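S.K.: Need coordinates for the following:
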Amino acid sequence: MNVSRSRFWSWVAGGALVAGITLALNVAVSDVRMEADLTQDQRFTLPPAVGRICSNLSDTCRITVYLSDPMPSYLRHLSRSVSTRLKEMNRFADGKIEWEFVDPGQDQELLKKLADLKLQPLSLQDVRGGEAVAGVYWMTMVFRHGKEIATLPLTDLGQDILKEERTLASLPGFIAARLLRVTQPDISVGIVSDKKLPPQNPMNPQQQQEAMDGLKGLRDRLATHCRVKDVTLKNGVPVPDDVKALVLFRPENLADVDLYQVDQYLMRGGRVIVLHDSRSMLDFDREQAIGMGLQQGNFAPRAVTSGMDAWLTHYGMKPDAGVLLDKACFQSQRLGRQQVTGPGGVPMFVMTPVTSDMPALMNVIESDKDGKATGQVDATELCLTGIAQLGFLAPSPFTVESASFSATHKGGNLTTLVSSSPNAWVSDAKDTLPFSVTPPTEGLARRPLVMRASGRLRSFFAEKDVPIAGETVPDAPKPPRGLEESQPGNDPQLWVVADADFAFDVWPQVLGQRLGAIGGARALVNTSVMLLNMVDASILGPEMVEIRRPRLADRSVDEARVKEDRESILFNNIALMPLALVAFGIVVFIWRKAQTFVPSHRAAAVSTAPVASEGESGGAST
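M.R.: Next up, the predicted model:
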């Protein structure tokens, strides 16, 4: 009996000791956070560039997450996902990120403030109790840093918002972009473009038409993390000092006095991105002619004279006449007439899908179907890393003149970043450009599509008189000369893209609906991403490019892998956990048997020992 009691209290003391040690360890490590991302594509790991952006915060940034409670069943993970990412980013920011979750509900004063920020709730449907119900839900983040305010509607995540793993993978980039927007309010991107009036609506001739350039999508994407402003170059107006990057969209008829301002901006260390077109495929003021051309199976290009040919040639990038076509192109699938033999041998025509090559819609790929590099994309360039495919629509032909560039710009660098396939040729198409063109047998060559001049550059106007706006006055004093070359440390950059059509808002719709282009719209969107990378690299450094890059390739969520992970976890829970419990039970059973086992020689000694009588034992029972 004493042995049983002793063993019982030993178990109690041991259990209390283990519980005490466990409690002490929990208290000791309560502030220690340890995580491990075991996914193969590291989809839950915060990108290092996001950490660097957060670590650069000099003051507190306050974030209000307006989230309805409850949310639809398929969006209930949002609060958890947002909170997880903000906690991770706040560790890098050393506590300079403060946030709170607010349900606007029916607070009329708060709803008015949100309306002033042009924020609106979203009407969504859900299923409750087996019935479909509709409701109005808030899901927006508002960032405040000093006087600066930026908003992030969580619907900007697109389809990624529907699944928690995708939300966690996408959210850091969107949050980091808004942090840059509010913490660096002085950064601006200037856009130079000619806005055109669309034709008058015959159904409503009194309607006022607004001049457009087709770059709303580009402006909206840039506005998430920097200011966007229209810049005018006409009559020699200088580029504003707060513009960190200047985008020239399809420049046309620029005079020397206009080019002088661009040139001086470049000499001061500016970043200039030229989207060049020798033929414009789409303009808002030519909708009727373009529509007729598409119906007849051809493009209706408009000749464009940029006025920049001599200036670009000075920097080693010489524009040539015509348009560039390529055998490596996308295909179009449209309905065409085909003659067949009908009943009784009577010939008849039927409409059938017809697939044909579109040499004007160039398909640029990093590697072929066998995984071999094509040499078309410089994979070492940060702005292109992760973009496996690009699209260009009837780009301008260029010639890179490396020898003359090196002779003029002693400390400059001239790089070709993207080029066509070796099977490209130049067409002199003017009024019409058929979808399907027979390639020539001669004159095929690789041509540059994206080029960059950087480093120590010498001004185009270094040995020329400074151009003057308006009429010149005889014997008037000449204006002082500007910078004749870029200064050390300024690091000017001149990017030239041999196409501007890819940035036009309407083209993805035209390619998909009117042309039946297979894969071309997606490739043109990738080229727009390349443009965003150029702008970000020019004004913000590599951080935003690094954040965007993983989402295009190595950080994308593989649905098959997610399913495999879930099945593996399910298998572990159903099969391995019970087996582990059984194994634990067997170990405990063997240990307890070992504690009660009596060796054979001791058992024999006990059995042969004399048993004391009741008197000898002092009346004690044995």
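
S.K.: Residue 266: what's it in contact with?
M.R.: 272, 457, 486, 492, 494 (C-beta atoms under 8 Å, 6 or more residues apart in numbering). From N, CA and C alone the C-beta is placed, and that goes for glycine too.

S.K.: Report the buried members of these.
M.R.: 272, 457, 486, 492, 494 (16 or more other C-beta atoms under 10 Å).

S.K.: Those: which two are farthest apart?
M.R.: 272 and 486 (11.9 Å; C-beta to C-beta).

S.K.: Mind checking which of the contacts of residue 266 are in helices?
M.R.: In helices, judged by DSSP state H, none of these are found.

S.K.: so what's in contact with residue 272 and residue 486 at the same time?
M.R.: Any residue near both residue 272 and residue 486 by C-beta under 8 Å, 6+ apart counts here, and that gives 266, 492.

S.K.: picking that back up, when you compare pLDDT across the buried ones among the contacts of residue 266, which one is lowest?
M.R.: Within the set of those, pLDDT is lowest for residue 486 (89).

S.K.: Settle this for me: that residue is touching residue 462, isn't it.
M.R.: No. Contact criterion C-beta atoms under 8 Å: residue 486 and residue 462 do not qualify, at 11.0 Å.

S.K.: Select the longest strand from the protein.
M.R.: The longest strand of the chain (DSSP state E) is strand 347-365.

S.K.: what comes up buried for it?
M.R.: 356, 357, 358, 359, 360, 361, 362, 363, 364, 365.

S.K.: Any regions of the stretch 501-622 of the chain where pLDDT drops low?
M.R.: 508-509, 511-516, 542-545, 547-582, 592-593, 595-622 (pLDDT under 70).

S.K.: sorry, back to before: and the direction of the following helix or strand past the longest strand of the chain versus that of strand 347-365, what angle?
M.R.: As assigned by DSSP states H and E, the chain's next helix or strand after strand 347-365 is strand 389-393. On the basis of axes from the mean of the first three to the mean of the last three C-alpha atoms, to 10 degrees, strand 389-393 is oriented at 120 degrees to strand 347-365.

S.K.: which residues sit against strand 389-393?
M.R.: By C-beta under 8 Å, 6+ apart, strand 389-393 touches 281, 324, 330, 360-366, 377, 418, 449, 498-499, 501-502, 507, 519-524, 526-527, 530.

S.K.: just the buried members of those residues?
M.R.: Counted by 16+ other C-beta under 10 Å, the contacts of strand 389-393 give 281, 324, 330, 360-366, 377, 418, 449, 498-499, 501-502, 507, 520-521, 523-524, 526-527, 530 as buried.

S.K.: And the longest strand of the chain, what does it pack against?
M.R.: strand 323-326, strand 329-341, strand 389-393, strand 517-518, helix 520-539 (3 or more C-beta pairs under 8 Å, 6 or more residues apart in numbering; DSSP states H and E).

S.K.: who does the shortest one pair up with?
M.R.: The sheet places strand 517-518 alongside strand 329-341 (antiparallel), with pairing taken from DSSP bridges.

S.K.: Give me the contact list for the partner strand.
M.R.: 297, 347-363, 391, 435-436, 515-520, 523.

S.K.: What residues sit buried inside that strand?
M.R.: Buried, per 16+ other C-beta under 10 Å, within strand 329-341: 329, 330, 331, 332.

S.K.: cool, and stretch 48-63?
M.R.: Those would be 49, 50, 51, 53, 54, 57, 61, 63, for stretch 48-63 by 16+ other C-beta under 10 Å.

S.K.: just to revisit the earlier point, put together JSON lines for the buried residues of strand 329-341, with distance to residue 303 and pLDDT on each row.
M.R.: As requested, these are arranged in JSON lines below (distance: C-beta to C-beta, whole Å; pLDDT from 0 to 100):
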{"residue": "329", "distance to residue 303": "22", "pLDDT": "91"}
{"residue": "330", "distance to residue 303": "24", "pLDDT": "88"}
{"residue": "331", "distance to residue 303": "27", "pLDDT": "86"}
{"residue": "332", "distance to residue 303": "24", "pLDDT": "81"}
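
S.K.: Which pLDDT value goes with the residue lying closest to residue 444 once chain neighbours are set aside?
M.R.: Nearest residue to residue 444, sequence neighbours excluded (C-beta to C-beta, 6 or more residues apart in numbering): residue 423, at 5.0 Å. Residue 423 is assigned 95 on the pLDDT scale.

S.K.: My guess is residue 423 contacts residue 328. True?
M.R.: Yes. Shown here, residue 423 and residue 328 form a contact pair, counting by C-beta under 8 Å, at 6.2 Å.

S.K.: Compare those two (neighbour count), which wins?
M.R.: Set side by side, residue 423 and residue 328 show more neighbours around residue 328, with 18 against 15, by other C-beta atoms under 10 Å.

S.K.: how does this structure divide into domains?
M.R.: Here the domain assignment for the chain is 48-184, 188-196+212-321+381-465+482-539, 559-593, based on automatic domain parsing.

S.K.: Mind checking these for the one nearest to residue 373?
M.R.: Across the domains of the chain, closest to residue 373 is domain 188-196+212-321+381-465+482-539 (C-beta to C-beta), at 11.3 Å.

S.K.: Return the distance of that closest one from the chain's centre.
M.R.: Its chain's C-alpha centre and that of domain 188-196+212-321+381-465+482-539 lie 21 Å apart, by C-alpha atoms, centre = their mean, to the nearest Å.

S.K.: How about stretch 324-343?
M.R.: On C-alpha atoms, centre = their mean, the centre of stretch 324-343 falls 34 Å from that of its chain.

S.K.: Extract the C-alpha set from that stretch and format it as CSV.
M.R.: Below are the C-alpha coordinates for stretch 324-343, written out as CSV (Å, rounded to 0.1, in the frame of the first residue of the first chain):
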residue,chain,number,x,y,z
LEU,A,324,9.0,45.9,-88.3
LEU,A,325,7.3,42.5,-88.9
ASP,A,326,8.5,39.1,-87.7
LYS,A,327,7.9,35.4,-88.4
ALA,A,328,7.9,34.8,-84.6
CYS,A,329,4.4,36.2,-84.2
PHE,A,330,1.0,35.5,-82.7
GLN,A,331,-1.8,33.9,-84.6
SER,A,332,-5.3,35.1,-85.4
GLN,A,333,-8.4,32.8,-85.5
ARG,A,334,-11.3,34.3,-87.4
LEU,A,335,-14.3,33.0,-89.3
GLY,A,336,-13.7,32.7,-93.0
ARG,A,337,-15.6,31.3,-96.0
GLN,A,338,-14.6,27.9,-97.2
GLN,A,339,-16.0,26.1,-100.3
VAL,A,340,-17.3,22.6,-99.7
THR,A,341,-19.3,20.1,-101.8
GLY,A,342,-22.9,20.0,-100.7
PRO,A,343,-25.7,17.6,-101.4
